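1. I would like to see how this sequence folds:
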Amino acid sequence: MQNAIEIQNITKEFKVLNRREGLKGSIKDLFSRDYKIVRAVDNISMNIEQGEIVGYLGPNGAGKSTTIKMMTGVLEPTSGNILVNGNIPYKNRTKNAQDIGVVFGQRTQLWWALPLVESFRILKDIYQISDKDYNSMLDLYKSLVDIEPLLHKPVRQMSLGQRTLSDILAAFLHNPKIVFLDEPTIGLDVSMKSKIRTLIQALNKEKNTTIILTTHDMGDVDALCQRIVIIDKGKMLYDNDIEHLKKFFGSYRTLKIRADGNLKEQKEIIQKELPDFSVTSDEEWISVLVDEDKSGIMDVLAGLQKNHSIRDMKLEEISSEDVIKKIYEEGVQ
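-> Predicted coordinates for the structure are as follows:
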């Protein structure tokens, strides 16, 4: 299968001024040559096949946005090679822009005061989409989502969910080979998230579009991604499917308990009793993440029963969200 994106040992460094404090410091900075080199992306390599949906994950400041800016041609790598649809993106920015679509969560590319259909027509002219292809895409959209009520509605009158849905449709309108989705479901309710995930899956399947998804919402990752890539501090930590990832943490299980007393207070007490464990709580349960290679579940439960009146308990396999959290904290050994 053809690769949509080929990245070989790319690194991106920025020269950052060591700034001084105060007004005098700001004046001195005007003539300063005291710079430091910050490496935002550090020797990353990967190939992404046409039609893949890849989750590109990492904590804030990991280097995700810098990598995507290099893929879209906005930034040039300091070193290494990158090909997107066979083109060097920063050398062929116009050609690259014709073959990609981009959606940034809560930042619309649509014309604010115009009805959605007018934004679509402007994009049709910008990308020189033929009448046949344009009408074909509109027919596809109508078969996937109830778009008719939105077509003649000004973007400024849309809800956040409707605007995000419209932005995704706009990004796919010129039938790009690759679409970059940056936090596409941020701030949306559960129902709208589900609609947007279903739409993205359908467009990927129908058009074989390669999708690069950056998100902090593990629901998006579980619902959409066949493969995940995780980076932190510019370095790649993991590149494989999510089920394979869980094998690294197969000995972890979550012990959930309900105990008498104030839930928040009980959670804080348990955290002090188990300082080496991750203890969290929601509206009903206190959760203890247990590594069974180090501590038996029944031993942990027996210890808790000595000091707490436990009314209910259950065991769960480690969630994708907990796996990602562990990798951010510890890396993959």
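2. and the helices in the protein?
-> 22-29, 64-71, 93-98, 116-126, 131-144, 148-151, 160-172, 190-207, 218-224, 242-247, 263-273, 297-307, 320-330 (DSSP state H).
3. in CSV, list those helices along with distance to residue 104 and mean neighbour count.
-> For glycine as for every other residue, the C-beta is placed from the backbone atoms N, C-alpha and C. Output for the helices of the chain, formatted as CSV (distance: least, CB to CB, whole Å; neighbours: other CB atoms under 10 Å):
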stretch, distance to residue 104, mean neighbour count
helix 22-29, 31, 10
helix 64-71, 10, 22
helix 93-98, 15, 15
helix 116-126, 16, 17
helix 131-144, 20, 14
helix 148-151, 19, 14
helix 160-172, 8, 21
helix 190-207, 14, 16
helix 218-224, 15, 18
helix 242-247, 24, 14
helix 263-273, 36, 15
helix 297-307, 43, 13
helix 320-330, 22, 17
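4. now those helices as a markdown table including distance to residue 107 and mean pLDDT?
-> Shown next, in a markdown table, are those (distance: least, CB to CB, whole Å; pLDDT from 0 to 100):
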| stretch | distance to residue 107 | mean pLDDT |
| --- | --- | --- |
| helix 22-29 | 31 | 72 |
| helix 64-71 | 13 | 91 |
| helix 93-98 | 17 | 89 |
| helix 116-126 | 14 | 94 |
| helix 131-144 | 21 | 93 |
| helix 148-151 | 18 | 91 |
| helix 160-172 | 8 | 91 |
| helix 190-207 | 16 | 90 |
| helix 218-224 | 17 | 84 |
| helix 242-247 | 28 | 71 |
| helix 263-273 | 36 | 87 |
| helix 297-307 | 45 | 88 |
| helix 320-330 | 25 | 69 |
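5. go through those helices and name the closest to residue 2.
-> Taking CB to CB, helix 190-207 is the member of the helices of the chain nearest to residue 2, at 14.9 Å.
6. who does the closest one touch, helix- and strand-wise?
-> strand 53-57, helix 131-144, helix 160-172, helix 218-224 (3 or more CB pairs under 8 Å, 6 or more residues apart in numbering; DSSP states H and E).
7. one step back: want to throw the helices of the chain into a markdown table with distance to residue 2?
-> Shown next, in a markdown table, are those (distance: least, CB to CB, whole Å):
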| stretch | distance to residue 2 |
| --- | --- |
| helix 22-29 | 49 |
| helix 64-71 | 16 |
| helix 93-98 | 16 |
| helix 116-126 | 26 |
| helix 131-144 | 21 |
| helix 148-151 | 34 |
| helix 160-172 | 20 |
| helix 190-207 | 15 |
| helix 218-224 | 21 |
| helix 242-247 | 24 |
| helix 263-273 | 51 |
| helix 297-307 | 47 |
| helix 320-330 | 29 |
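8. right, and those helices - which one's nearest residue 314?
-> helix 297-307 (11.1 Å).
9. starting at the chain centroid, how far to that closest one?
-> Relative to the chain's own centre, helix 297-307 is displaced by 37 Å; criterion: CA atoms, centre = their mean, to the nearest Å.
10. good, wrapping up.
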